[in-house]
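sequence and predicted structure below; questions after.
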Amino acid sequence: MRVVFPQVYKLFLLLALIPSASQALAGGLLVGVPVSMTEVIQAAADKFSEENSSSVRLSAAASSTLAQQALAGAPFDVVITADDLTMDKIAAAGLIAAGSRRRIIGNRLALIVPRAVVNNHAATITSLRDLLSPRIRRIAIAEKTVPAGHYGRALLAKHEILEPLRTKLVSATHVRAVLALVSSGAVDAGFVYVTDVPIARSKVAIAYTSDDSDSEPIHYEAAALSRSPNLSTASAFINHLTSPSNLKLFELRGFRRL
């Protein structure tokens, strides 16, 4: 049984971000970023800081958590999500600065297996239906409220194997948690983004990669929050993310240009 204390939870979220609030008032940016983009957004943020003499601090979490934090009053200047539905929730609350919302880059799902057993598993996983094999007992996937979890379940549903696999699914808080489970061998397979794989390339292998024909379009969106005291800088940062040089950076990290 899960017990939730909404007001205490909101307070916890806000307190966790208080140090960043003082930074925002000093002119720096606080950017909420999905864990799947931590490294590439950090690289883009470092470049932005060098070119604009403006500090940028990242707060990484699952997109659903970022939305909860924004709705609870967290002092983000910019929020990035791994889907449009999560950004829609922030927009519905009237929190997005007019004209600031923008799609920035795309991605693909990857089904990964532990490299330690790659000779046993990857050879037999040539399609998603191979997950039905009794040898595959535990499959890690992000929680259904997280974009990666939604994308993964939608992919399984499209191949008509979601229901038969439900008892095998192991929910994780986000894709990096899935990556950790597969890397450690705690599960037999898991769904992450293609761009997560290089972080643990020595411990995992890709058995299957989604394509446009069998997966919902995966794209990331960025928006400035209307309550930001640094709206002009926040807008400049979003423009920076979609500049040709940064789009090239995204592509080098495995993301897909829209």
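Received the coordinates, thanks.

list the buried residues of the helix ranked longest in the chain.
Among the segments of the chain that qualify as a helix by DSSP state H, the longest is helix 38-52. Under the neighbour-count criterion of 16 or more other Cβ atoms under 10 Å, helix 38-52 has 39-41, 44-45, 47-49 buried. All C-beta atoms are positioned from the backbone trio N, CA, C, and that covers glycine.

return the member of the residues you listed nearest to Ala140.
Glu39 (20.7 Å; Cβ to Cβ).

residue contacts, the closest one?
Each residue near Glu39 by Cβ atoms under 8 Å, 6 or more residues apart in numbering is listed here: 199, 253.

distance from the helix or strand encompassing Thr86 to the middle of the chain?
Under the criterion of DSSP states H and E, Thr86 resides in helix 84-92. Between the centre of helix 84-92 and the centre of its chain there are 15 Å (Cα atoms, centre = their mean, to the nearest Å).

outside of it itself, list whatever touches it.
For helix 84-92, the external contacting residues (Cβ under 8 Å, 6+ apart) are 63-64, 66-67, 70-71, 79, 81, 96, 101, 103, 147, 150, 219, 221, 223, 225.

can you give me the strands for the stretch 151-258 of the chain?
169-172, 189-193, 204-209, 218-224 (DSSP state E, counting those that start in this stretch).

worst average pLDDT in those?
Averaging pLDDT over each of these singles out strand 204-209 as the lowest, with a mean of 93.

alpha carbons of that strand, in CSV - could you do that?
Provided in CSV are the C-alpha atoms of strand 204-209 (Å, rounded to 0.1, in the frame of the first residue of the first chain):
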residue,chain,number,x,y,z
VAL,A,204,24.6,-3.7,-21.6
ALA,A,205,23.8,-4.5,-25.2
ILE,A,206,21.0,-3.4,-27.5
ALA,A,207,18.8,-6.3,-28.6
TYR,A,208,16.1,-4.3,-30.4
THR,A,209,15.6,-0.7,-31.4
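
and it, what does it pack against?
Under the contact criterion of 3 or more Cβ pairs under 8 Å, 6 or more residues apart in numbering; DSSP states H and E, strand 204-209 touches strand 109-114, helix 175-184.

would you mind finding the most buried of those?
Mean neighbour counts were compared across these using mean count of other Cβ atoms under 10 Å; the top stretch is strand 109-114, at a mean of 25.

now that one: mean pLDDT?
For strand 109-114, the mean per-residue pLDDT is 95.

direction included, what does it pair up with?
strand 189-193 (antiparallel), strand 204-209 (antiparallel) (DSSP bridges).

now render these as CSV, adding mean neighbour count and distance to Lys168.
Compiled in CSV, those are given as follows (neighbours: other Cβ atoms under 10 Å; distance: least, Cβ to Cβ, whole Å):
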stretch, mean neighbour count, distance to Lys168
strand 189-193, 28, 9
strand 204-209, 19, 15
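
distance to Leu241 added to those, as CSV?
Formatted as CSV, the strands paired with strand 109-114 follow (distance: least, Cβ to Cβ, whole Å):
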stretch, distance to Leu241
strand 189-193, 17
strand 204-209, 25
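
wait, which of those is closest to Asn230?
Ranking the strands paired with strand 109-114 by proximity to Asn230 (Cβ to Cβ) places strand 189-193 first, at 29.4 Å.

distance to Asn230 added to the strands of the stretch 151-258 of the chain, as a markdown table?
Below are the strands of the stretch 151-258 of the chain laid out as a markdown table (distance: least, Cβ to Cβ, whole Å):
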| stretch | distance to Asn230 |
| --- | --- |
| strand 169-172 | 34 |
| strand 189-193 | 29 |
| strand 204-209 | 39 |
| strand 218-224 | 9 |
